[in-house]
Each structure stands twice: as C-alpha cells, then as structure tokens.
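Asker: here is the input, now give the coordinates:
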Amino acid sequence: MFAVYAAEHQYRHDTWARERDRALLASIRERTAARAPHPATSAVVPAPARAQRAPWARPIGLHNGAECTPACAPA
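Answerer: Just a heads-up that it's a prediction; the model follows:
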C-alpha cells in the first residue's frame, strides 16, 4: 500500500512541476514577444553570384590549348 501511495504522490508532484515549468516558459515567451516586436518586413540581401562551372568535369592533367605550352606534360 505504501508503494502505491508513494507512486501517486510522485505522479502528482511531477505533473505539478511540469505544469509550473510550462507556465513559466509561456510567460517568458509572452514577455519576450511583447518587449521586442518583430519588424513587418526584413531586409533581403541577395547572395553573391557563383562562378560559372563547366558542364562537365575536367580530368586531372588536362589543360586548355591556349594556356598549354610545349613544356606542359601531355595528359
């Protein structure tokens, strides 16, 4: 009988503590929201343009004809 009574008491205590914590967090959220209202519009900063990539990967060691000299090793 004592174990049942202790379990019921622990359950009531846990439920009370959980509700108290939820109420505390809700009041914190309400105060924060009331203190600092969100701006109606936000400034959108465009991302910088990415460098153009080739449509296919260039194998290692392959050079363009214009920049290759006779000293370049053949691929």
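Asker: average pLDDT for stretch 27-37?
Answerer: Stretch 27-37 shows a mean pLDDT of 87.
Asker: my error: substitute stretch 56-66 in the last question.
Answerer: 65.
Asker: which strands or helices does the helix or strand containing His13 pack on?
Answerer: Using DSSP states H and E, His13 sits within helix 2-35. Counting contacts by 3 or more CB pairs under 8 Å, 6 or more residues apart in numbering; DSSP states H and E, helix 2-35 packs against no other helix or strand. C-betas here are computed from N, CA, C, even on glycine.
Asker: list the buried ones in that helix?
Answerer: Buried residues in helix 2-35, counted by 16 or more other CB atoms under 10 Å: none are found.
Asker: ok, stretch 44-61 next?
Answerer: Of the residues in stretch 44-61, none count as buried by neighbour count, 16+ other CB under 10 Å.
Asker: can we start the residue count at 4 from this point?
Answerer: Yes, from this point I'll number from 4; that puts the last item at stretch 47-64.
Asker: render the CA-only coordinates of that stretch in PDB, please.
Answerer: Presented in PDB, the C-alpha positions along stretch 47-64 are these (Å, rounded to 0.1, in the frame of the first residue of the first chain):
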ATOM      1  CA  VAL A  47      16.700  40.600 -48.000                       C
ATOM      2  CA  VAL A  48      20.300  40.500 -49.000                       C
ATOM      3  CA  PRO A  49      20.900  38.800 -52.300                       C
ATOM      4  CA  ALA A  50      23.600  36.100 -52.400                       C
ATOM      5  CA  PRO A  51      26.700  36.800 -54.400                       C
ATOM      6  CA  ALA A  52      26.800  35.300 -57.900                       C
ATOM      7  CA  ARG A  53      28.500  32.000 -58.100                       C
ATOM      8  CA  ALA A  54      31.300  31.400 -60.600                       C
ATOM      9  CA  GLN A  55      30.200  29.600 -63.800                       C
ATOM     10  CA  ARG A  56      31.200  26.000 -63.900                       C
ATOM     11  CA  ALA A  57      31.900  23.800 -66.900                       C
ATOM     12  CA  PRO A  58      29.100  21.500 -68.000                       C
ATOM     13  CA  TRP A  59      31.400  18.500 -67.400                       C
ATOM     14  CA  ALA A  60      34.300  17.800 -65.100                       C
ATOM     15  CA  ARG A  61      37.800  18.300 -66.500                       C
ATOM     16  CA  PRO A  62      40.000  15.300 -66.000                       C
ATOM     17  CA  ILE A  63      43.100  15.800 -63.900                       C
ATOM     18  CA  GLY A  64      46.100  16.900 -66.000                       C
END
